[in-house]
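Colleague: model this:
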Amino acid sequence: MALTLGQLRVFLEVADLGNIKDAAEKIGRTPSAVSMSLKQLEEQLGGSLFESDRKTTLTSLGEYVLTVARAEVRGFDRSVAAVQAYARNEIGRLEIACVPSVATQLIPMVLNDFLTPRPDIELDVRDADSESVELSVERQRVELGIAGRPANAGIVAFTPVFRDRFVLVCSAESPLAQTDAPIKAGEIGNIRFIANGASARMHAPEFQAISQASRLMVRNVTSLLALVRADFGVTVLPALSVAADPAVCCRPLAGEDLYREVGLLTRAGRALSPVAEAFSDAFRETIARSGIDALPA
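Modeller: Numbers count the residues shown, from 1 in each chain. Below you'll find the model as predicted:
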């Protein structure tokens, strides 16, 4: 019969307390059960652990077993505590890929609530366009993605969280900046249009056609806005992507279905780790109280 952790625990209690009766009370067993456990342990080891039946003095074997048993029990208890902490999402590592607008506008709010009660969590947040986020989740480079609805829905599962309305983005010097009326697709036809990853995914046919006809595609939002700021052309972006800038104007668009759905991307058929599940909940809670157009869970 192999030695058990239970036998070592019993031995430690008897050795620390110096008698079977007190040890039995502490661990919630009968004195006879404690005595039997010690006897079995000694039989398996082939020697006595105590100098006498009073259990007050250890033999040399008992001293050695005490040292080893204490280390083993403490190591096991630390391992159990770590597993329990991981299950309670108190420790762990999470890699996330998200679109830049979420990374800059929303993630700071989420992290404030998420990390404060979990100081031992490790997070790796990477910003990328929706296609790259989808690819990162699909190839399991990250566990969780935050982006628009993926094209490859069979491999990547998508849970919508909120809607972000598209707006026309132009320089403050553009003629389109002078009106407050919603901009129609026809008004953009004679102006240089700069396509981007978000505009390429628009569902509205008239704006999708404008994006597809563009001879210039800029996927990095910082570079894109620099071109708009210089009045090189206009573009269409989700409102969340455009930070306040006096040199750039955002104008509403005329038409229906002019928004993107943003949500959580995960590998289909794969359960989330406890820390990823907790982050997902924190993200939804942040959206719910932010005033953004949240979607039902």
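Colleague: What residues of stretch 26-33 count as buried?
Modeller: If you call a residue buried by 16 or more other CB atoms under 10 Å, then stretch 26-33 has these buried ones: 27, 29. Glycine gets a C-beta too; all of them are placed from N, C-alpha and C.
Colleague: quick one: pLDDT of the closest residue in space to Ser199 that isn't next to it in sequence?
Modeller: Spatial nearest neighbour of Ser199, excluding adjacent residues (CB to CB, 6 or more residues apart in numbering): Ser211 at 4.1 Å. In this model, Ser211 is scored at 90, pLDDT.
Colleague: For the host helix or strand of Ser211, list the C-alpha coordinates in CSV.
Modeller: Using DSSP states H and E, the secondary-structure element containing Ser211 is helix 205-213. These are the backbone C-alpha positions of helix 205-213, laid out as CSV (Å, rounded to 0.1, in the frame of the first residue of the first chain):
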residue,chain,number,x,y,z
PRO,A,205,-24.6,48.7,-50.4
GLU,A,206,-24.1,52.3,-51.4
PHE,A,207,-21.3,53.0,-48.9
GLN,A,208,-19.8,49.5,-49.5
ALA,A,209,-19.6,50.4,-53.2
ILE,A,210,-17.8,53.7,-52.4
SER,A,211,-15.3,51.9,-50.2
GLN,A,212,-14.7,49.2,-52.9
ALA,A,213,-14.2,51.8,-55.6
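Colleague: could you say what helices and strands it packs with?
Modeller: Counting contacts by 3 or more CB pairs under 8 Å, 6 or more residues apart in numbering; DSSP states H and E, helix 205-213 packs against no other helix or strand.
Colleague: What residues of the longest helix anywhere in the chain count as buried?
Modeller: Looking only at the chain and at elements set by DSSP state H, the helix with the highest residue count is helix 60-87. Along helix 60-87, these residues count as buried under the neighbour rule (16+ other CB under 10 Å): 62, 65-66, 69.
Colleague: Output those residues as TSV; include the columns pLDDT and distance to Ser48.
Modeller: As requested, the buried residues of helix 60-87 are arranged in TSV below (pLDDT from 0 to 100; distance: CB to CB, whole Å):
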residue	pLDDT	distance to Ser48
Gly62	91	7
Val65	92	11
Leu66	92	13
Ala69	91	15
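Colleague: any idea which of these is closest to Thr30?
Modeller: Ala69 (21.5 Å; CB to CB).
Colleague: how close does the residue lying closest to that closest one once chain neighbours are set aside get to Glu25?
Modeller: Nearest in space to Ala69, with sequence neighbours left out and distances taken as CB to CB, 6+ apart, is Leu8 at 4.1 Å. Using CB to CB, to the nearest Å, we find Leu8 at a distance of 19 Å from Glu25.
Colleague: Settle it for me: which of these two has more neighbours?
Modeller: For Leu8 versus Glu25, neighbours defined as other CB atoms under 10 Å are more numerous around Leu8 (20 against 14).
Colleague: Give me the phi and psi angles of the more buried one.
Modeller: Dihedral angles of Leu8 (phi, psi; degrees, to the nearest 10) stand at phi -70, psi -40.
Colleague: so Phe279 is in which element?
Modeller: For Phe279, the secondary-structure element it belongs to, assigned by DSSP H and E, is helix 274-288.
Colleague: same for the helix or strand following that helix, what does it pack against?
Modeller: Taking DSSP H and E as the definition, the helix or strand that follows helix 274-288 towards the C-terminus is strand 293-294. With contacts defined as 3+ CB pairs under 8 Å, 6+ apart, strand 293-294 has these neighbours: strand 156-171, helix 274-288.
Colleague: Could I get the buried residue list for the shortest one?
Modeller: When you say that, I think you mean helix 274-288. Buried residues in helix 274-288, defined by neighbour count with 16+ other CB under 10 Å: 274-276, 278-280, 282-284, 286-287.
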